[in-house]
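S.K.: Take this sequence and fold it.
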Amino acid sequence: MDSISDPIGAAVLFEALISNNATLLRRHVDGEIFSCFQRLILSRGPESRFLKFFTACCSCQGEGIRSNQETIFNMVWRDQGARSSM
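M.R.: Okay, the predicted model is just below:
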């Protein structure tokens, strides 16, 4: 994501792909992807598209994905430095 010329458009596409595909979400979305989106938010501001990506990662088809919820929570809320920057 860091090398994509239009990360906002890519974020929308990525969010659409994972929002209803639990297998894709569980297999390919990990801490590295979360960190990439965190960097995008820090560098470009809290675009709603970036935040929707995090939302899409927290549940799929009405079922919560606890591991992603905990990872995202720790990255954006528990880390006070990140929280104040975001």
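S.K.: Would you state the strands of the protein in chain order?
M.R.: Along the chain, counting by DSSP state E, strands occupy 59-60, 63-64.
S.K.: so of the ones you listed, which one's packed in deepest?
M.R.: strand 59-60 (a mean of 18; mean count of other C-beta atoms under 10 Å). C-beta here means a position set from N, CA and C on the backbone, and glycine is covered the same way.
S.K.: Let me have the strands of the chain in JSON lines, adding distance to residue 70 as columns.
M.R.: Converted to JSON lines, the strands of the chain look like this (distance: least, C-beta to C-beta, whole Å):
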{"stretch": "strand 59-60", "distance to residue 70": "13"}
{"stretch": "strand 63-64", "distance to residue 70": "10"}
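S.K.: can I get those in JSON lines with mean pLDDT and distance to residue 43?
M.R.: Shown next, in JSON lines, are the strands of the chain (pLDDT from 0 to 100; distance: least, C-beta to C-beta, whole Å):
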{"stretch": "strand 59-60", "mean pLDDT": "90", "distance to residue 43": "27"}
{"stretch": "strand 63-64", "mean pLDDT": "90", "distance to residue 43": "29"}
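S.K.: looking at those strands, which is closest to residue 44?
M.R.: Comparing the strands of the chain against residue 44 with C-beta to C-beta, the closest turns out to be strand 59-60 (24.8 Å).
S.K.: Give the pairing partners of that closest one; include direction for each.
M.R.: Its sheet considered, strand 59-60 pairs with strand 63-64 (antiparallel) by DSSP bridges.
S.K.: Geometric centre of this structure: which residue is closest?
M.R.: residue 54 (3.4 Å; C-alpha atoms, centre = their mean).
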